[in-house]
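# missing the sequence, but the structure's below:
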C-alpha cells in the first residue's frame, strides 16, 4: 500500500511510519514540525519507500499519485502543546481533518482518524466504553483539544455516511515510549525529565487521579488491526492497567537511585480528569487485541531511551 500519515514525524506517527516501512509499504509522511521532530524520521529519509513533505495539513494539499490509506495523526496532543497552540489545535482538528478526508475521498482511499480518550472529558462512567458520550467543558482551557477531536469524529462519520468514505476512528488512551519529548508536559516524560535533572517530581492535587499507560508498540499493533478491520464505529485503544499519578511518580523515582529528586505537590489544573481507563471489550472481542507490554517492561525501555537522549525536546 501507499500510506499517507499526517503528523508522521510525531511520537506515535513516526512509530507507525517505521511499522509500515518494515512491512514493505510506501509511506508519505506529512508534518509541519509544530510538535513533531525531524529526528524521529531521520533514519527513514534515505529509504526509497519513504517520502517526507513539510506541510501544514490545515492548508490544502493534493498528493501526487495513488494513496491507499490516509491516517490523520496531525495535532498537538499534550496539554502543554495545545494550551500553547489553541487555534492551531482547533484548526487541525477541523480544517485539517476536512482536508485529510478530502484526500481520502478524492483518492478512493481508506481513512483512519486518530481520536483520543479526551473526548470523554472528566468521565462520570468508569471505565469508559465507546458508547459513553462524555463529560466535556467546551469552553474550558482543555476544550480546544477535546472539542477539536469530537468534531473530527463527527466529520469522519459524516464523510462515511454522506460520501461512502471507508473510515475508522480510534480513541487513544495515554501512551508512552521512546521518542516522546521530555518537555511535552505529560506525566511520564515530565517525571523522567525532572529526575534526570535532580529536580522535584511535580504531582498535582494529591496525586490520586488515575491514568492507564499503554506502551507505544502495543498501540501500533492495535492501530494496524483497526486498519485491517471494517469497523466504522470508534474503538478504544489503551491499557486497562490503572495507576495513580502519585504511584507513577514513585515508580519512576525508583529508576534513579541516588537522585536528589523528591515529590512536590501542586494545585490541580482546571478540568483535569480524575480517572481514565479504557473499556477494551470492543477491541478484545472484534480485533482480538489487548496490550502485551507490562508497565515495568515499558518503563524500563522508555527510561533507557531518555537516558540516551537527555536533550529530547521540541525541534
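Good, I have the coordinates. Keep in mind that what you see is a predicted model, and the values were worked out from it rather than measured.

# For the stretch 51-200 of the chain, just list every one of the strands.
Using DSSP state E, counting those that start in this stretch, the strands of the stretch 51-200 of the chain run over 69-72, 110-116, 167-172, 175-176.

# so can I have CSV of these showing mean pLDDT and distance to residue 188?
C-beta coordinates here come from the backbone N, C-alpha and C atoms, glycine included. Formatted as CSV, those follow (pLDDT from 0 to 100; distance: least, CB to CB, whole Å):
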stretch, mean pLDDT, distance to residue 188
strand 69-72, 98, 24
strand 110-116, 98, 17
strand 167-172, 98, 15
strand 175-176, 96, 5
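
# Export the ones you listed to JSON lines and append columns for mean neighbour count and distance to residue 25.
Output for those, formatted as JSON lines (neighbours: other CB atoms under 10 Å; distance: least, CB to CB, whole Å):
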{"stretch": "strand 69-72", "mean neighbour count": "26", "distance to residue 25": "9"}
{"stretch": "strand 110-116", "mean neighbour count": "23", "distance to residue 25": "13"}
{"stretch": "strand 167-172", "mean neighbour count": "23", "distance to residue 25": "17"}
{"stretch": "strand 175-176", "mean neighbour count": "25", "distance to residue 25": "22"}
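
# Can I get those strands in CSV including distance to residue 196?
Putting these into CSV (distance: least, CB to CB, whole Å) gives the following:
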stretch, distance to residue 196
strand 69-72, 32
strand 110-116, 27
strand 167-172, 26
strand 175-176, 16
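
# residue ranges for the helices of the stretch 51-200 of the chain, please.
Using DSSP state H, counting those that start in this stretch, the helices found in the stretch 51-200 of the chain span residues 79-84, 86-107, 143-163, 187-197.

# closest to residue 54 out of these?
Smallest distance to residue 54 across the helices of the stretch 51-200 of the chain (CB to CB): 15.1 Å, for helix 86-107.

# pLDDT score assigned to the closest residue in space to residue 256 that isn't next to it in sequence?
Excluding the flanking residues, the one nearest residue 256 by CB to CB, 6 or more residues apart in numbering is residue 195, at 4.3 Å. The model reports residue 195 with a pLDDT of 92.
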